[in-house]
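Colleague: Predicted coordinates and the sequence they were generated for:
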Amino acid sequence: MIGYVTLGSNDLPRAAVFYDALFAELGAGRFMDTDEFIAWSTGPTAAGVSIAKPFDGQPATVGNGVMVALVVDSAAKVDAVHAKALALGAQDEGAPGERVPGFYAGYFRDLDGNKLNVYTIDNNFKP
């Protein structure tokens with residue numbers, strides 16, 4: 001259902017270095033790249049995440065309660081992506097672990113303060 005999510009950045013080059021390295025952990029690469037906007041995805045029809053300078057020219061700000069969730073295929077991948085984010089300078093917002101049976105997640109804020117989650121679900125998850 002989601003095509004892509006865009007996060008604001010006040011320093012696109014710095015954010016690009018962060019997300020190039022972070023999304024490499026997910027097997028994602030850039031699929032759009034301009035002076036104002038960069039987007040990553042795992043494939044041409046897969047959902048993506050982008051960063052952009054705000055269109056209105058005002059500073060990018062973090063939405064309170066807004067979060068982007070990135071799905072992966074294992075708890076080990078959650079651990080690896082969360083660790084990579086922290087190594088790249090992200091702020092920990094919740095160490096990887098099981099939140100409810102079958103839902104394993106880790107939370108962090110990127111260099112601009114945007115909140116992200118990396119998670120996996122298994123057969124024990126009952127929504």
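Modeller: The structure has been received and is ready for your questions. Numbers count the residues shown, from 1 in each chain.
Colleague: Only C-alpha atoms from now on, for both contacts and neighbour counts.
Modeller: Fine.
Colleague: so where do the helices sit in the chain?
Modeller: 12-24, 75-87 (DSSP state H).
Colleague: in the protein, which spans are strands?
Modeller: 4-8, 29-33, 37-41, 48-52, 67-71, 91-100, 103-109, 115-121 (DSSP state E).
Colleague: Turn the helices of the chain into JSON lines, columns for mean pLDDT.
Modeller: As requested, these are exported to JSON lines (pLDDT from 0 to 100):
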{"stretch": "helix 12-24", "mean pLDDT": "97"}
{"stretch": "helix 75-87", "mean pLDDT": "98"}
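Colleague: Buried deepest among those, which one?
Modeller: Ranked by mean neighbour count under mean count of other C-alpha atoms under 10 Å, these are led by helix 75-87, which reaches a mean of 20.
Colleague: how far out from the middle of the chain is it?
Modeller: Helix 75-87 sits 11 Å away from the centroid of its parent chain (C-alpha atoms, centre = their mean, to the nearest Å).
Colleague: Can you tell me which helices and strands it packs against?
Modeller: With contacts defined as 3 or more C-alpha pairs under 8 Å, 6 or more residues apart in numbering; DSSP states H and E, helix 75-87 has these neighbours: helix 12-24, strand 91-100, strand 103-109, strand 115-121.
Colleague: Rebuild these as JSON lines, extending it with distance to residue 41.
Modeller: Converted to JSON lines, the helices and strands packed on helix 75-87 look like this (distance: least, C-alpha to C-alpha, whole Å):
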{"stretch": "helix 12-24", "distance to residue 41": "8"}
{"stretch": "strand 91-100", "distance to residue 41": "23"}
{"stretch": "strand 103-109", "distance to residue 41": "19"}
{"stretch": "strand 115-121", "distance to residue 41": "15"}
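Colleague: Below-threshold pLDDT in the protein: ranges please.
Modeller: 1 (pLDDT under 70).
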